[in-house]
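Asker: dropping the sequence and predicted coords here.
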Protein chains: 2
Amino acid sequence: MGRKRDIEDEALLAAARAVFVKKGFSATTREIAARARISEAVIYQRHPTKADLFFAAMVPPDLDVDALFAPPRTRASGRASLESLALGIMEYFRKLVPVFLPLLNHPSFDFATFAHGRPDSPFGRLQRGLHERLDRLARDGVLSAAHLTGAALGLFSSLHFLAIVEKLHRHRIDDDAVRSIVRAFWDGLAPRVKRRGRGRHPAAHQRKRPG
Amino acid sequence: MGRKRDIEDEALLAAARAVFVKKGFSATTREIAARARISEAVIYQRHPTKADLFFAAMVPPDLDVDALFAPPRTRASGRASLESLALGIMEYFRKLVPVFLPLLNHPSFDFATFAHGRPDSPFGRLQRGLHERLDRLARDGVLSAAHLTGAALGLFSSLHFLAIVEKLHRHRIDDDAVRSIVRAFWDGLAPRVKRRGRGRHPAAHQRKRPG
């Protein structure tokens, strides 16, 4: 019986999530009950208020941090590593945003709790994982260590926003747009010396004149 | 009489905006009527549905693009120009986000219309203005022209997301966090030759070894 009840709870939360993702918090428990094929009374037995049901249902999708931030098996350049990292994060945000958007608009939604409250929250793990991965790349010498915090913050926040835009536009943002951000971060905007060659210690380099 | 009616319309929209910003679309026309000190009947005479009232009220705040993207009067370095540009954009997003957040959660909100539909939309003007300003800096030789699109997209989207986080956290994000993103964009992440000196054509430069 306990197991059956667990399955029913999970089915109710999945139904609620589907309805809230589609219609936001203004969706009715009547619609959710219809989708879950139970009565509204059963919903309120398990979740005293619609807000309780909402916050129980709208949990961020699970994140496989180890897979996302694992170093590539084959040796890749720093820029290629960053690009595949960014595309992987973007894929996660694509799953997160449909849940995140209705959540962030709820008056009693607390971002700090969502992001950091639970030590194993996917959101927090994503931020830490990204920072650790950049740090690792810097220690391996394929990335400058000077701006890891700014780069992690910039990448994380710009990709998250792009996933929001994508959801609102109902149109997938091209991987090249993600890569264009990574490349701007990679090469930098300062008009300055450009190295030649692909090794870590280029023997030849040339100064690129601005303009 | 026409003028009085205009003022009343504007007062109603301001009251509706204040209530929707605070409570989202689930706010009732009853609350809005109370705030505007009119009857609900008057609201529905002017706006057939709550959604009509919502979209009429939730317009992006005005943006002084010329002031935001004017070149600085004193000669500033490329990085300093970018930093003040980013902080200015952040200030605008701080005004935009309280209106934008409830909007983007409405099921029939169309981002494309909001962003680009009206040719003079502040959102579109901001994107164009940022791109033109970066382009100008590149033509002036203080910025590399290689990654303007990626940099504009990355700056715009990361700052917009930070303003969303700030609103949700109810806590102002430090200017240094904004600067850290600009600096990562400026110097780049590639471990490579670092120039010395401040001029555009540095005579001396030194390769920075990774690690």
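Answerer: Thanks, I have it. Residues are numbered from 1 along each chain as shown, chains lettered A, B, ... in the order given.

Asker: so how far is chain B from the residue positioned nearest the centre of chain A?
Answerer: With distances taken as C-alpha atoms, centre = their mean, A:F93 lies nearest the centre of chain A, 3.3 Å away. Taking C-beta to the nearest C-beta, to the nearest Å as the measure, A:F93 falls 10 Å from chain B. Bear in mind the C-beta positions are built from the backbone N, C-alpha and C, glycine included.

Asker: in a strand, that residue, correct?
Answerer: No - using DSSP: H, G, I helix; E, B strand; the rest coil, the secondary structure at A:F93 is helix, not a strand.

Asker: which residue is the nearest non-sequential neighbour of it?
Answerer: Nearest residue to A:F93, sequence neighbours excluded (C-beta to C-beta, 6 or more residues apart in numbering or on different chains): A:A163, at 3.5 Å.

Asker: so the residue nearest to the centre of chain A is in contact with A:H160, correct?
Answerer: Yes - assessed by C-beta atoms under 8 Å, A:F93 is found in contact with A:H160 at 5.4 Å.

Asker: returning to that earlier point: which residues does the residue nearest to the centre of chain A contact?
Answerer: A:159-160, A:162-163 (C-beta atoms under 8 Å, 6 or more residues apart in numbering or on different chains).

Asker: let me know the pLDDT of it.
Answerer: On pLDDT, A:F93 comes in at 95.

Asker: burial of the closest residue to A:A76 other than its chain neighbours, as a residue count?
Answerer: Of all residues not flanking A:A76 in the chain, A:S84 sits nearest, at 7.3 Å (C-beta to C-beta, 6+ apart). By other C-beta atoms under 10 Å in any protein chain shown, the residues close to A:S84 number 15.

Asker: tell me which two in the contacts of A:F93 are the farthest apart.
Answerer: Between any two of those, the greatest separation by C-beta to C-beta is 7.3 Å, found for A:H160 and A:L162.

Asker: now do the residue nearest to A:H169 when sequence neighbours are not counted, the pLDDT please.
Answerer: Among residues not flanking A:H169 along the chain, B:F111 sits closest, at 5.3 Å (C-beta to C-beta, 6+ apart). We have a pLDDT of 71 for B:F111.

Asker: neighbours of B:F111, how many?
Answerer: Neighbour tally, B:F111, other C-beta under 10 Å: 20.

Asker: what's the answer for A:D120, then?
Answerer: So A:D120, with other C-beta under 10 Å, has 8 neighbours.

Asker: what's the answer for A:P107, then?
Answerer: 11.

Asker: can you tell me the closest non-neighbouring residue to it?
Answerer: B:K23 (5.9 Å).

Asker: distance of the one you found relative to B:A56?
Answerer: Separation of B:K23 from B:A56 (C-beta to C-beta, to the nearest Å) stands at 17 Å.

Asker: coming back round to it: what residues are up against the residue nearest to A:H169?
Answerer: If you count contacts by C-beta under 8 Å, 6+ apart, then B:F111 has A:165, A:168-169, B:104 around it.

Asker: contacts only, for the residue of chain A found nearest chain B.
Answerer: For chain A, the residue closest to chain B is A:G188, as judged by C-beta to the nearest C-beta, at 2.3 Å. A:G188 makes contact with B:144, B:185-190, according to C-beta under 8 Å, 6+ apart.

Asker: can you redo the residues you listed as a markdown table with pLDDT and secondary structure?
Answerer: Output for those, formatted as a markdown table (pLDDT from 0 to 100; DSSP: H, G, I helix; E, B strand; the rest coil):
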| residue | pLDDT | secondary structure |
| --- | --- | --- |
| B:S144 | 89 | coil |
| B:F185 | 93 | helix |
| B:W186 | 92 | helix |
| B:D187 | 90 | helix |
| B:G188 | 90 | coil |
| B:L189 | 86 | coil |
| B:A190 | 84 | coil |
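
Asker: of all these, which two lie farthest apart?
Answerer: Maximum distance among those (C-beta to C-beta): 14.2 Å, for B:S144 and B:L189.

Asker: more neighbours: which of those two?
Answerer: Each of B:S144 and B:L189 has its neighbours counted (other C-beta under 10 Å); B:L189 has more, 28 against 24.

Asker: element containing A:V182, please.
Answerer: For A:V182, the host element (DSSP states H and E) is helix A:175-187.

Asker: shouldn't A:F100 be in contact with A:P61?
Answerer: No - between A:F100 and A:P61 there is no contact under C-beta under 8 Å: 9.8 Å.

Asker: those two: which has the busier surroundings?
Answerer: A direct count of neighbours by other C-beta under 10 Å for A:F100 and A:P61 places A:F100 higher, at 22 against 13.

Asker: which is the next helix or strand following the helix or strand hosting that one?
Answerer: Following DSSP H and E, one finds A:F100 within helix A:78-104. As assigned by DSSP H and E, the chain's next helix or strand after helix A:78-104 is helix A:111-112.

Asker: what's the neighbour count on A:I7?
Answerer: 10.

Asker: and the contacts of A:G188 as TSV, adding distance to A:A70?
Answerer: Below are the contacts of A:G188 laid out as TSV (distance: C-beta to C-beta, whole Å):
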residue	distance to A:A70
B:S144	32
B:F185	27
B:W186	30
B:D187	27
B:G188	25
B:L189	20
B:A190	22
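
Asker: closest one of those residues to A:R179?
Answerer: B:L189 (13.9 Å).

Asker: please identify which of the contacts of A:F93 is nearest to A:S121.
Answerer: Out of those, the member with the shortest distance to A:S121 (by C-beta to C-beta) is A:H160, at 14.5 Å.
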